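> Provided below for reference: sequence and predicted model.
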Protein chains: 2
Amino acid sequence: MKPSAQRIALLGHGTVGAETARALTGRTQELAARIGAPVQLVGVAVRNRRELPGIDRRLVTTDASALVSRGDIDVVIELIGGVEPARSLTVAAMESGAAVVTANKALMARDGVDLHRTAEKHGVELSYEAAVAGAVPLLRPLRQSLAGDRVRRVTGIVNGTANFVLDRMTTSGGTFQGALREAQRLGYAEADPTADVSGADAAAKMAVLTRLAFDTELPVADVHCEGIAHIRPSDIQHARADRCVLKLVGICDRTAEGVCARVHPMLLPLDHPLASVRGAYNGILVEAEAAGELMFHGRGAGGAATSSAVLGDLVEVCRNRVNGTAGRGPAFSARLPVRPHAQVATSHVVSMLVEDRAGVLSRVSAVFARHGVSLGTVRQEGVETMAQLTVSTHPASDAALAAVFAELDGLSSVRGITRSIRRLEREKEPAR
Amino acid sequence: MKPSAQRIALLGHGTVGAETARALTGRTQELAARIGAPVQLVGVAVRNRRELPGIDRRLVTTDASALVSRGDIDVVIELIGGVEPARSLTVAAMESGAAVVTANKALMARDGVDLHRTAEKHGVELSYEAAVAGAVPLLRPLRQSLAGDRVRRVTGIVNGTANFVLDRMTTSGGTFQGALREAQRLGYAEADPTADVSGADAAAKMAVLTRLAFDTELPVADVHCEGIAHIRPSDIQHARADRCVLKLVGICDRTAEGVCARVHPMLLPLDHPLASVRGAYNGILVEAEAAGELMFHGRGAGGAATSSAVLGDLVEVCRNRVNGTAGRGPAFSARLPVRPHAQVATSHVVSMLVEDRAGVLSRVSAVFARHGVSLGTVRQEGVETMAQLTVSTHPASDAALAAVFAELDGLSSVRGITRSIRRLEREKEPAR
């Protein structure tokens, strides 16, 4: 017998929603062939009623809750964004027996674990490949391809706006504000860029990645987060002098002490795979015990790219429904302890203005040594009667650094710490 | 009720088999948590009976066909390689109701379509992520993540041995034979490297990729294949002079005329994403209509890396069996026409030895023009009374080039065509 059509409801008709709707109405045969049944767009919910190109006006509604609760919907595609009303609508959809495909990282970061439980309870699927790194297949590889391996660490450039801004500052030598305005002009940054430049968006994505990489629950509040708004052109220049590039990097890893996720600006050596991630692209490096280093690179945002991931999820979810199977969600079998960021040891490059006379360097290095922070390279450049002293440390905790800075402040010969930026020290993979 | 254990049979105990067996016996809890049921290794088939470390001798057998036909096996992991007996054992396993996970690209390239039909017929899964690009998640992203998109082209470095050899020639300036010997010494090349250096291994992988990328059947015999054994140090030097690197590249694409897959050495501009794929690594660039360019990079071979992909497939296949669902194989819904390689237009860099006198260049370029091959750059270097003339062509078919060469041979002023190498012209992505 011929399988019945998969009935799709679309919530939101912004850039991603419009691209998704166009595919659903324009590429029906292709999608049907891959799903094994036709797809039918049965409703589109928008905030304010309006004409939608190529969509029968009778399908357009402003009552999203009525749409998701109809009970005859197979899959709800949630592209509203933000936590509410997206969360309530997602729950209502699942309670009505619909699977949900979403690109909503804020929602999945905050309520992902609960939403997975709700999905499990109602025997429906919840898919969100588009929520992290847009078109780049990442969540499925983590959950499925690496399901037989042990992920050690995920290091990612997962916010295209921040990467564009820092990349622009690097190529143009300009200021943060100037680069941000250009990002806005080109549509890479929103009118309110707070979530992107504060690191909050990247932190949400890292929370989602951490859960899937390590099968564990992780509150987004436990993701340590620093933004890029304070980055100055001089920081970029110093990075170049250190043969590094400055990126907003998200890292999650698992050690004996537990899992830890953080987002902060970081110096990457030029030969690091992520150093070459340009413009608004995303790049993610996954390190697994058996697989070694896996690199993923592609468009992290944009209507078309994000809709590609949404439609990929949709096809799989529909295919599973046609086969009468709801794919199983992540187990979150472990609930691993969260290692506080204060315990994470990172290398730093620290610059300070010191008096240019004998003995200063020894006094300064003694302070680092006293707090167990050992130094790598030391560079000193005269600035009239003062000197710019730049030291790179071996991995040290924020706490130890803070103690060092406090004591340095007390030294009369140190006029001020001008910058302190983390630097990624890449462990070489064991040769196989 | 507690789901019953998944019973696993392992065929082959080489480097990949040993790594896989170690995980199956050593990481049982972890795998059970991800599958939702325990896994149990119930048999290991080897050619010659011997002690296998960490495996109960009673599980070891030399009778593979008896093992796969027992009827109480959930998943057979085929790691024998080659077409027979792997093919018969795979079929027998599926006929007995077992799912099959294999890393066997030769088998999947030759009989993949039939084997998928057999799997469909018996309602079991057939998974082979490890067959292409080892640990790099590629087949699942192509089949699932991009299921809602349209793949245009896949360009890949999918043979680590050939890439290591060419990379070595590039860094050392040495000969093909010398680089190959080093690859063998380091275990990157087998005693008989024919399949790797002839391009046959890469062609098999491209046949598999083409089918999954375009949902179509493609006989491996239709993959045009050129190897690297003829590459000389001078080719590498010329590549550097052209600001390119020489790689063994596999390409499959879909145009209005149909699908086409080919494997050959190719000059890649240094800024091409695949140009930086070093040593024995694999890199694959997927171009899709909506997603844009997606890059995947990682270990293409090695026991541990390959076992990571095998175990990823195993976990998913077992998970599906526990949920009482056999995941659906690829549809191969379309049977697209195969575009013959002779019709494929590629840019070439052609070097020839010509007499160093006026009028030669015009005569030579006239020949190219006569056969509709337009020229890009032209470089001429004096060699005593002769000159080395190097021209880069705009995309032209092999047939057109052959006609050009035939006519050039007839010119008294042309003393010989010293080399002709394809060059990848990268279309810039439309900015989004």
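Looks like it came in fine.

> can you pull out the helices in the stretch 151-300 of chain A?
Ranges of helices within the stretch 151-300 of chain A are A:160-172, A:176-185, A:194-197, A:200-214, A:233-241, based on DSSP state H, counting those that start in this stretch.

> hey, which of these is tucked in deepest?
helix A:200-214 (a mean of 27; mean count of other C-beta atoms under 10 Å in any protein chain shown). C-beta coordinates here come from the backbone N, C-alpha and C atoms, glycine included.

> how about that helix, does it get close to chain B?
No. Contact of helix A:200-214 with chain B (C-beta under 8 Å from any C-beta of the partner chain) is absent, the minimum separation being 11.5 Å.

> so what are the domain limits for chain A?
Domain ranges of chain A: A:6-134+A:303-322, A:139-298, A:342-423, per automatic domain parsing.

> what about A:Gly382, helix or strand, and which?
A:Gly382 belongs to strand A:375-383 when assigned by DSSP states H and E.

> What strands line up against that strand, and which way round?
strand A:386-393 (antiparallel) (DSSP bridges).

> Can I get the strand it pairs with in CSV, CA atoms only?
What follows is strand A:386-393 as a C-alpha-only set of coordinates in CSV (Å, rounded to 0.1, in the frame of the first residue of the first chain):
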residue,chain,number,x,y,z
MET,A,386,59.6,52.0,30.1
ALA,A,387,59.6,48.5,28.6
GLN,A,388,56.8,46.4,27.2
LEU,A,389,57.4,43.0,28.7
THR,A,390,55.5,40.1,27.1
VAL,A,391,55.7,36.6,28.5
SER,A,392,54.0,33.4,27.5
THR,A,393,53.1,31.0,30.3
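
> following that strand, which helix or strand shows up next?
Downstream of strand A:386-393 (by DSSP H and E), the next one is strand A:396-397.

> May I have the strands that pair with that following strand, each with its orientation?
Using DSSP bridges, the strands paired with strand A:396-397 are strand A:345-355 (antiparallel).

> What is the distance between the partner strand and the centre of its chain?
28 Å (C-alpha atoms, centre = their mean, to the nearest Å).

> between it and helix A:233-241, how big is the angle?
110 degrees (axes from the mean of the first three to the mean of the last three C-alpha atoms, to 10 degrees).

> For the helices of the stretch 151-300 of chain A, could you give me a markdown table that also reports mean pLDDT?
Converted to a markdown table, the helices of the stretch 151-300 of chain A look like this (pLDDT from 0 to 100):
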| stretch | mean pLDDT |
| --- | --- |
| helix A:160-172 | 96 |
| helix A:176-185 | 96 |
| helix A:194-197 | 96 |
| helix A:200-214 | 96 |
| helix A:233-241 | 92 |
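
> wait, which of the ones you listed is closest to B:Val414?
helix A:160-172 (45.4 Å; C-beta to C-beta).

> Contact partners for the residue of the stretch 201-350 of chain A found nearest chain B?
Nearest residue of the stretch 201-350 of chain A to chain B (C-beta to the nearest C-beta) works out as A:Leu311 at 2.3 Å. By C-beta atoms under 8 Å, 6 or more residues apart in numbering or on different chains, the contact set of A:Leu311 is A:20, A:23, A:31, B:147-149, B:290.

> quick one: low-confidence ranges for the stretch 51-200 of chain A?
Under the criterion pLDDT under 70, no range of the stretch 51-200 of chain A is flagged.

> what residues does it put near chain B?
Residues of the stretch 51-200 of chain A lying near chain B (C-beta under 8 Å from any C-beta): A:129, A:135-137, A:140-141, A:144-150.

> Quickly check those for the two that are furthest apart.
For those, and using C-beta to C-beta, no pair is farther apart than A:Ala135 and A:Arg150, which are 26.8 Å apart.

> quick one: stretch A:379-395 to chain centroid distance?
34 Å.

> Verify the stated contact: A:Asp222 with A:Leu336.
No. With contact defined as C-beta atoms under 8 Å, A:Asp222 does not reach A:Leu336; the gap is 11.2 Å.

> got the buried residues for stretch A:395-404?
Residues A:396-398, A:400-401, A:403-404 are the ones in stretch A:395-404 that count as buried (16 or more other C-beta atoms under 10 Å in any protein chain shown).

> avg pLDDT for that stretch?
The pLDDT scores in stretch A:395-404 average 93.

> Check the offset of that stretch from the chain's centre.
With C-alpha atoms, centre = their mean, you get 26 Å for stretch A:395-404.

> now stretch A:263-282
13 Å.

> and it, how far apart are its ends?
Start to finish, the residues bounding stretch A:263-282 are 14 Å apart (C-alpha to C-alpha, to the nearest Å).

> is it up against chain B anywhere?
Yes. For stretch A:263-282, a contact with chain B is found by C-beta under 8 Å from any C-beta, at A:273, A:276.

> Mind checking the pLDDT average for the top helix by length along chain A?
As assigned by DSSP state H, the longest helix anywhere in chain A is helix A:303-322. Helix A:303-322 carries an average pLDDT of 94.

> tell me the angle it makes with helix B:303-322.
Using the same axes, to 10 degrees: helix A:303-322 against helix B:303-322 is 50 degrees.

> contacting residues around stretch A:12-22?
Applying C-beta under 8 Å, 6+ apart, the external contacts of stretch A:12-22 come out as A:10-11, A:41, A:44-46, A:52-55, A:77-81, A:103, A:130, A:302-304, A:306-307, A:310-311, B:290.

> just how off-centre is it within its chain?
Worked out by C-alpha atoms, centre = their mean, stretch A:12-22 lies 22 Å from the chain centre.

> again with stretch A:197-210
For stretch A:197-210, the distance to the chain centre is 4 Å (C-alpha atoms, centre = their mean).

> ditto for stretch A:175-192
Distance, centroid of stretch A:175-192 to centroid of chain: 19 Å (C-alpha atoms, centre = their mean).

> which residues are contacting that stretch?
In contact with stretch A:175-192 (C-beta under 8 Å, 6+ apart) are residues A:160-161, A:164-166, A:168-169, A:172, A:193, A:196-197, A:228-233, A:280, A:301.

> switch the cut-off to 10 Å
A:15, A:160-172, A:174, A:193, A:196-197, A:228-233, A:235-236, A:279-280, A:301-302, B:431-432 (C-beta atoms under 10 Å, 6 or more residues apart in numbering or on different chains).

> ok, the buried residues of stretch A:395-404 vs chain B, which is closest?
A:Ser397 (29.9 Å).

> So the closest one is in contact with A:Arg339, correct?
No. The pair A:Ser397 / A:Arg339 is not scored as a contact, 11.1 Å apart, by C-beta atoms under 10 Å.

> how about the domains of chain A, which one is nearest B:Thr418?
domain A:139-298 (34.5 Å).

> if we can go back for a sec, output the helices of the stretch 151-300 of chain A in TSV, with distance to A:Val286 appended to each entry.
Output for those, formatted as TSV (distance: least, C-beta to C-beta, whole Å):
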stretch	distance to A:Val286
helix A:160-172	18
helix A:176-185	27
helix A:194-197	23
helix A:200-214	8
helix A:233-241	25
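
> Now restrict the contacts of stretch A:12-22 to buried residues only.
Counted by 16+ other C-beta under 10 Å, the contacts of stretch A:12-22 give A:10-11, A:41, A:44-46, A:52, A:55, A:77-81, A:103, A:130, A:302-304, A:306-307, A:310-311, B:290 as buried.
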